[in-house]
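1. Pasting the sequence and the predicted coordinates here, then a few questions.
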Amino acid sequence: MKKIGSNIKNQKNYLQREDYYKNLVRKLNGIRAKTELGGGEKAIERQHKKGKLTARERIAKLIDKDTEFIELNTFCAHDMYKEYGGAPGGGTVFGIGKINGKDFVIVANDATVKAGAWFPLTGKKNLRAQEIAMENHLPIIYLVDSAGVFLPLQEEIFPDKEHFGRIFRNNAKMSAMGIPQISAIMGPCVAGGAYLPIMSDEALIVEGEGSVFLAGAHLVKAAIGEETDNESLGGARVQTNISGVTDYIMKDDEECLATIRSLTGKFGERPTAGFNRIESKPPAFDPKEIYGLLPEDTLGQYDTYELIARIVDNSEIDEYKAGYGKTLITAYARIDGWAVGIVANQRKIVKTEKGEMQIGGVIYSDSADKATRFIMNCNQRKIPIVFLQDVTGFMVGTKAEHGGIIKDGAKMVNAVANSVVPKITIIVGNSFGAGNYAMCGKAYDPRFIYAYPNMKISVMGGAQASSVLLDIKLKQMKKSGKEFSEEQQKKLLEDITRSYEEKSSALYAAARLWVDEIIDPAKTRKYVSMAIAAANQNPEIPKFNVGVIQT
């Protein structure tokens, strides 16, 4: 084992960087707090007046005392659907929590947001929750309280492969996989949405508040002329004692949640993947020092070894091919006791053995070759891989092309794509172009993907992209006989740059679920540990086969 890290507090820009990053985290926490209010305080009061708990209150009572619910996709739909009044969190809450000492995925409709209606991103968020449950063999609890599909946007959520109906398909698939599913109907459960709880293994329903039917009283009258009311149509006693659709009648939210805890407390033990874990040791350096390490401008330099030293146990690593392919760091280490392989972009400009300078954050042929071999090793040894992404792309130019950068890059992408051990990705800074793919971006099925608050994700860097977009715009204007003055060109470039930067920000990415959560860098260890603990619940690891890789 090799000790890494040093005292970085003496660096001249440490305090400036620390203030900048702490402010970023404060702003993010402010947005988080507002999001957690859902539809706002008045909507929460209305929920309480009905004798109902809010989504987050229900989750807090469901999980074990003195444990933390690790919420995911918190910023879903942030700053979106403005014409409809917004949909904080996408109108649903999900994450991983402990019930009777075991990890569960928990999904709860937030009825304070448009009565829990399903926006397009609500569907995408719920599908992600099911995907996490399926990939990690985690049992799942649904706390249902929803008015159904948000009709003004029905065409964006109803008919396609990854739309609303996929949720019920996943119910069936999870049942076949032996993954337990329990649903609690704690409010309306209408139309197609009625299938979610009824396709679960067991369904509880709260009397007086819960109801489940394919068509409500108004639609029944319009369709067949029958006069009825929702309680007579699909209330708790009807659906439990007459139709047999639901299994348990609950008097209120509190009894319902207590019953779920009782039911899940009787689950038997299951086999695990057996990932290696020993007693956890803290890093030798305070994780909060990451604030003072990372640059304000994501194109700025820093030493990635210093970042790793504040994440891994005892700040120790076994580095693989330390002197070769230096713009990627590959190392074995432990995080909260779990054995991990780390693939990290080195942000410093480095010098090779040949005396050549290599740009930090860029993947060269030797770096890609090294990473490919290391990923294969991790798969052979059943070691989960943590990717620390801060990449501006692969090296370009005649020398790189003649050296076979495309071939070496393809080998790395192949290894990442076919990797069978759990992959956890953290976007630390930049995530540009094909570098996003090689470093296990969302398209490459990481079990969990997180982002630091200052990250940027796009097909290329903002400065380069803005210059290209400006050039295209000017050529279009010239064709139409118009010319821009130097002043107008400058303003246009500023507008393009601002727009591009906004659309590559962490919040923009999190709103669209390109990442699972924006995390506080000081809590990196917690999120990685949770991810591996969840992944460990799936004992089925397929045989590793990378297919055809050109040598």
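-> Thanks, I have it.

2. Surely Thr298 touches Met455?
-> Yes: Thr298 lies in contact with Met455 (CB atoms under 8 Å); the separation is 7.2 Å. Placement of C-beta: from N, CA and C, glycine included.

3. So for these two, which residues contact both of them?
-> Common contacts of Thr298 and Met455 (CB atoms under 8 Å, 6 or more residues apart in numbering): 429-430.

4. Show me where the stretch 251-400 of the chain has its strands.
-> Under the criterion DSSP state E, counting those that start in this stretch, the stretch 251-400 of the chain contains strands at 316-319, 328-335, 338-345, 350-351, 357-358, 362-363, 385-391, 393-394.

5. got those as JSON lines, with mean neighbour count columns?
-> What follows is those, written out as JSON lines (neighbours: other CB atoms under 10 Å):
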{"stretch": "strand 316-319", "mean neighbour count": "18"}
{"stretch": "strand 328-335", "mean neighbour count": "24"}
{"stretch": "strand 338-345", "mean neighbour count": "24"}
{"stretch": "strand 350-351", "mean neighbour count": "14"}
{"stretch": "strand 357-358", "mean neighbour count": "14"}
{"stretch": "strand 362-363", "mean neighbour count": "24"}
{"stretch": "strand 385-391", "mean neighbour count": "27"}
{"stretch": "strand 393-394", "mean neighbour count": "22"}
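
6. how about these, which one is nearest Met412?
-> strand 362-363 (7.5 Å; CB to CB).

7. Low-confidence stretches in the stretch 351-500 of the chain?
-> When residues are selected by pLDDT under 70, those of the stretch 351-500 of the chain lie in 460-466, 468.

8. how about the helices of it, start to end?
-> Chain-ordered helices for the stretch 351-500 of the chain, with DSSP state H, counting those that start in this stretch as the definition, fall at 365-381, 398-402, 405-418, 433-438, 462-479, 486-502.

9. got it, and the stretch 101-250 of the chain?
-> For the stretch 101-250 of the chain, applying DSSP H, counting those that start in this stretch gives helices covering 120-136, 165-177, 195-198, 217-224, 230-234, 236-237.

10. what's the closest of the strands of the stretch 251-400 of the chain to Lys161?
-> Nearest of those to Lys161, taken as CB to CB: strand 385-391 at 27.6 Å.

11. okay, the angle between that closest one and strand 338-345?
-> With axes from the mean of the first three to the mean of the last three CA atoms, to 10 degrees applied, the angle from strand 385-391 to strand 338-345 works out at 20 degrees.

12. Parallel or antiparallel, list what pairs with strand 385-391.
-> Partners of strand 385-391 in the sheet, by DSSP bridges, are strand 338-345 (parallel), strand 423-432 (parallel).

13. before we move on, the earlier item: just put the strands of the stretch 251-400 of the chain in JSON lines and tack on distance to Asn545.
-> Formatted as JSON lines, the strands of the stretch 251-400 of the chain follow (distance: least, CB to CB, whole Å):
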{"stretch": "strand 316-319", "distance to Asn545": "26"}
{"stretch": "strand 328-335", "distance to Asn545": "21"}
{"stretch": "strand 338-345", "distance to Asn545": "18"}
{"stretch": "strand 350-351", "distance to Asn545": "33"}
{"stretch": "strand 357-358", "distance to Asn545": "32"}
{"stretch": "strand 362-363", "distance to Asn545": "24"}
{"stretch": "strand 385-391", "distance to Asn545": "17"}
{"stretch": "strand 393-394", "distance to Asn545": "25"}
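
14. So which of those is nearest Met250?
-> Of these, the one closest to Met250 (CB to CB) turns out to be strand 338-345, at 38.4 Å.

15. what angle separates the closest one from helix 405-418?
-> 150 degrees.

16. pLDDT (mean, whole number) over strand 338-345?
-> For strand 338-345, mean pLDDT rounds to 98.

17. Now for Ala133: which residues touch it?
-> By CB under 8 Å, 6+ apart, the contact set of Ala133 is 105, 139-140, 174, 179.

18. count of residues packed around the closest residue in space to Val396 that isn't next to it in sequence?
-> Spatial nearest neighbour of Val396, excluding adjacent residues (CB to CB, 6 or more residues apart in numbering): Ile405 at 7.7 Å. A count of neighbours around Ile405, defined by other CB atoms under 10 Å, yields 19.

19. Distance-wise, check Glu316 relative to Lys281.
-> 9 Å (CB to CB, to the nearest Å).

20. hey, what's in contact with both of these two?
-> By CB under 8 Å, 6+ apart, the residues touching both Glu316 and Lys281 are Arg334.

21. hang on, the earlier thing: which ones are touching the residue nearest to Val396?
-> Here Ile405 is in contact with 364-365, 368, 394-396 (CB under 8 Å, 6+ apart).

22. Would you indicate which residues of stretch 413-420 are buried?
-> 413-416, 418-419 (16 or more other CB atoms under 10 Å).

23. pretty sure Gly38 contacts Ile44?
-> Yes: with contact defined as CB under 8 Å, Gly38 reaches Ile44; the gap is 7.0 Å.

24. Determine the number of other residues adjacent to the nearest residue to Tyr291 once chain neighbours are set aside.
-> Leaving aside its sequence neighbours, Tyr291 sits nearest to Tyr21 (CB to CB, 6+ apart; 3.9 Å). Neighbours of Tyr21 under the rule other CB under 10 Å: 24.

25. so which strand or helix has Tyr21?
-> Assigned by DSSP states H and E, Tyr21 belongs to helix 14-36.

26. what's the following helix or strand after that helix?
-> helix 41-49.

27. mind exporting that next one as CSV, just the C-alpha atoms?
-> What follows is helix 41-49, C-alpha atoms only, in CSV (Å, rounded to 0.1, in the frame of the first residue of the first chain):
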residue,chain,number,x,y,z
GLU,A,41,-46.4,25.0,3.0
LYS,A,42,-50.1,25.6,2.2
ALA,A,43,-50.3,22.3,0.3
ILE,A,44,-48.6,20.5,3.2
GLU,A,45,-51.2,22.1,5.6
ARG,A,46,-54.0,20.8,3.4
GLN,A,47,-52.5,17.3,3.5
HIS,A,48,-52.3,17.4,7.3
LYS,A,49,-55.9,18.6,7.6
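
28. Now for the protein, the helix or strand with the poorest mean pLDDT.
-> Lowest mean confidence among the helices and strands of the chain (mean pLDDT, DSSP states H and E): helix 462-479, at a mean of 71.

29. Let me see the contact set for the residue of the chain most remote from its centre.
-> The outermost residue of the chain relative to its centre, with distances by CA atoms, centre = their mean, is Gly481 at 47.1 Å. Neighbour list for Gly481: empty [criterion: CB under 8 Å, 6+ apart].

30. Pretty sure Lys321 sits against Thr330.
-> Yes: counting by CB under 8 Å, Lys321 does reach Thr330; the two are 6.5 Å apart.

31. list the residues that contact both of those two?
-> Counting by CB under 8 Å, 6+ apart, the residues touching both Lys321 and Thr330 are 370, 374.

32. For Tyr14, which non-adjacent residue is spatially closest?
-> Distances taken as CB to CB, 6+ apart place Gly292 nearest to Tyr14, at 4.1 Å, with adjacent residues excluded.

33. what does Leu53 give?
-> Asp253 (4.7 Å).

34. Next, the angle from the host helix or strand of Tyr527 to helix 120-136.
-> Using DSSP H and E, Tyr527 sits in helix 524-535. For helix 524-535 against helix 120-136, the angle by the same axes, to 10 degrees is 70 degrees.

35. which other residues reach helix 524-535?
-> 70, 96, 103, 132, 135-136, 138, 273, 275, 280, 283, 287, 290, 311, 335-338, 340, 384, 386, 422, 424, 426, 447-448, 450, 517, 519.

36. and it, what's its mean pLDDT?
-> Here the average pLDDT along helix 524-535 is 98.

37. What of stretch 106-123?
-> 95.

38. And stretch 239-256, by the same measure?
-> Across stretch 239-256, the average pLDDT comes to 95.
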